[in-house]
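Asker: task: produce atomic coordinates for the following.
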Amino acid sequence: PHHFLTHLTRSSIMSSESETVDEVLSRDLSNLQSLSPEQLEGLMELVISFLIDAKGSGFQEKLGVYAETHGMGGAALKTIVRASLLFLQRGVRAGWVTEQVTEACAGMGLSPEVAEVISRCWAQQSSNLTSSLLSKIVSANQLMDVDWSFGVTAATDDSDQVCTVCTLLASHSQTLRVFV
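Answerer: Model (predicted):
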């Protein structure tokens with residue numbers, strides 16, 4: 001079974017080549033307007049908590065409970081969550097403040113009531129979103145002490161590897177042999 005969040009590529013959200021990403025995102029976000037303010041706030045809290053938690057711990061289970069509680073079907077909820085994630089990720093990367101979230105919601109054609117709920121949820125979690133983004137950047141840029149050497153394989157149980165050039169990479173935790 002494929003996890004639906006692994007399919008957030010541009011091509012997977014496009015229904016036709018003539019639509020832009022923003023048009024598709026706007027269309028999918030418009031489904032948020034069918035939710036009550038309480039449903040919308042619960043969904044935004046769930047989506048924002050997923051963005052904050054680098055591992056997405058329990059997201060699928062929480063989403064399942066949300067769907068059951070609010071009587072939402074899988075496909076409709078999937079579309080709304082995917083669009084919400086893309087929209088909020090854009091805001092995190094751009095460093096939006098609350099007013100910019102409100103403006104972006106209006107730019108996507110969302111009602112002022114929906115924009116107000118999303119902006120309020122954003123304001124409550126903006127420092128956590130920023131911290132989460134920074135921690136991901138720092139961990140991606142950590143240096144790793146690696147010893148390496150080149151060699152030629154003289155003997156191995158795989159006859160295809162004999163006399164091939166290899167690189168031996170060794171870190172503090174593991175050793176990896178890469179055949180060139």
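Asker: list the buried residues for the longest helix seen in the chain?
Answerer: Of all segments of type helix in the chain, defined using DSSP state H, the longest is helix 112-140. If you call a residue buried by 16 or more other C-beta atoms under 10 Å, then helix 112-140 has these buried ones: 114-115, 117-122, 125-126, 129, 132-133. C-beta: built from backbone N, CA, C; applies to glycine.
Asker: now swap in stretch 73-89 and tell me
Answerer: So stretch 73-89, judged by 16+ other C-beta under 10 Å, has buried residues L77, K78, T79, I80, V81, R82, A83, S84, L85, L86, F87, L88.
Asker: with stretch 58-65 instead?
Answerer: Buried residues in stretch 58-65 (16+ other C-beta under 10 Å): F59, K62, L63.
Asker: need the residues you listed in a markdown table (columns: pLDDT).
Answerer: Below are the buried residues of stretch 58-65 laid out as a markdown table (pLDDT from 0 to 100):
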| residue | pLDDT |
| --- | --- |
| F59 | 85 |
| K62 | 89 |
| L63 | 87 |
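Asker: E45: which of those is nearest?
Answerer: K62 (9.7 Å; C-beta to C-beta).
Asker: report the contact partners of the closest one.
Answerer: With contact set as C-beta atoms under 8 Å, 6 or more residues apart in numbering, K62 has these partners: L46, S49.
Asker: now it: which helix or strand?
Answerer: According to DSSP states H and E, K62 maps onto helix 59-70.
Asker: what's the first helix or strand after that helix?
Answerer: Following helix 59-70 toward the C-terminus (DSSP H and E): helix 74-94.
Asker: other SSEs contacting that following helix?
Answerer: The elements that helix 74-94 packs onto, with contact taken as 3 or more C-beta pairs under 8 Å, 6 or more residues apart in numbering; DSSP states H and E, are helix 10-13, helix 21-29, helix 37-52, helix 59-70, helix 98-107, helix 112-140.
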